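Student: the following comprises the amino acid sequence and a computationally predicted model.
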Amino acid sequence: MALYLFLPKSRNWVVSPTSQREKEIDTYKHEVQPNMSSLHCSLLRPHLSSLLKINNGLGYSILPRLDLGIRKRKFTPDICIYPKMNRELGKQPDVVKMNQMPLTTVEILSSTQSLSSIIQKIKQYYFPAGVKSAWVIIPELLAIVLYSPDKDDYEWFKSGKMTDPATGITVDVKEVFDVD
């Protein structure tokens, strides 16, 4: 079955078989469509990065908005948590796209994203590439959802403390959303 698609980058309509259609839509979502942020994301990202560095960051490098190279694609989680990196700026070459996967990724759900697209990205790309845990921060619900590759289910946190199984990092859920 053929399907006609309009590709905005080329401004052309093309005939595409169904299997190719899914590939092109996926490529558009992840590579062409700009990653739109929101006010909540912009408030939470630096706050959570600081919170992680202050409370738990001694053995870890907390890296916001780092590009990851997975299966010839680029993904940019809001925060990546790596084992401590001892890098001296100016003495080692910079890395534009990391091929070494973080232990943990943190995605902050913005109003321009769907929860299902983030879950799909975690399960289809992050976990097969070697990420050990993933957090989804949902600002509107004041909740954190924790995913692990070895569990089919997830853990939902709206209060109390959450401990990441991959890093042992613990956060107080209330503190995460207290951005004042």
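Tutor: Structure's in. What do you need?

Student: all helices for the protein, in order.
Tutor: 18-27, 39-56, 115-121, 127-129, 173-176 (DSSP state H).

Student: against residue 65, how distant is the residue most central in space within the chain?
Tutor: Nearest to the geometric centre of the chain sits residue 77, at 2.8 Å (Cα atoms, centre = their mean). Residue 77 sits 8 Å away from residue 65, taking Cβ to Cβ, to the nearest Å as the criterion. Glycine gets a C-beta too; all of them are placed from N, C-alpha and C.

Student: any idea how far residue 40 is from residue 128?
Tutor: According to Cβ to Cβ, residue 40 stands 29 Å off from residue 128.

Student: oh, that last question was meant for residue 143, not what I typed.
Tutor: For residue 143, the distance to residue 128 - Cβ to Cβ - is 26 Å.

Student: who has more neighbours, the two?
Tutor: residue 143 (17 against 12; other Cβ atoms under 10 Å).

Student: would you mark the buried spots in stretch 79-90?
Tutor: Within stretch 79-90, the residues scored as buried using 16 or more other Cβ atoms under 10 Å are 79, 80, 81, 82.

Student: ditto for stretch 109-127
Tutor: Applying 16+ other Cβ under 10 Å to stretch 109-127 flags 109, 110, 113, 118, 119, 121, 122, 125, 126, 127 as buried.

Student: need the residues you listed in TSV (columns: pLDDT and distance to residue 158).
Tutor: Converted to TSV, the buried residues of stretch 109-127 look like this (pLDDT from 0 to 100; distance: Cβ to Cβ, whole Å):
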residue	pLDDT	distance to residue 158
109	96	14
110	93	19
113	92	20
118	96	18
119	96	18
121	97	23
122	97	20
125	98	27
126	98	23
127	98	24
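
Student: where does pLDDT dip in the chain?
Tutor: 1-36, 57 (pLDDT under 70).

Student: quick one: the strands in it?
Tutor: Using DSSP state E, the strands of the chain run over 2-7, 12-17, 60-64, 68-70, 73-75, 79-83, 104-108, 133-138, 143-147, 154-157, 161-163, 170-172.

Student: which of these is buried the deepest?
Tutor: strand 104-108 (a mean of 25; mean count of other Cβ atoms under 10 Å).

Student: need the CA coordinates for that strand. PDB is fine.
Tutor: Once non-C-alpha atoms are left out, strand 104-108 reads as follows in PDB (Å, rounded to 0.1, in the frame of the first residue of the first chain):
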ATOM      1  CA  THR A 104      20.600   7.400  33.800                       C
ATOM      2  CA  THR A 105      18.700   9.800  31.600                       C
ATOM      3  CA  VAL A 106      16.200  12.400  32.900                       C
ATOM      4  CA  GLU A 107      13.400  13.700  30.600                       C
ATOM      5  CA  ILE A 108      11.200  16.600  31.700                       C
END
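
Student: quick one: list the elements packing against it.
Tutor: In terms of contacts (3 or more Cβ pairs under 8 Å, 6 or more residues apart in numbering; DSSP states H and E), strand 104-108 is packed against helix 39-56, strand 79-83, strand 133-138.
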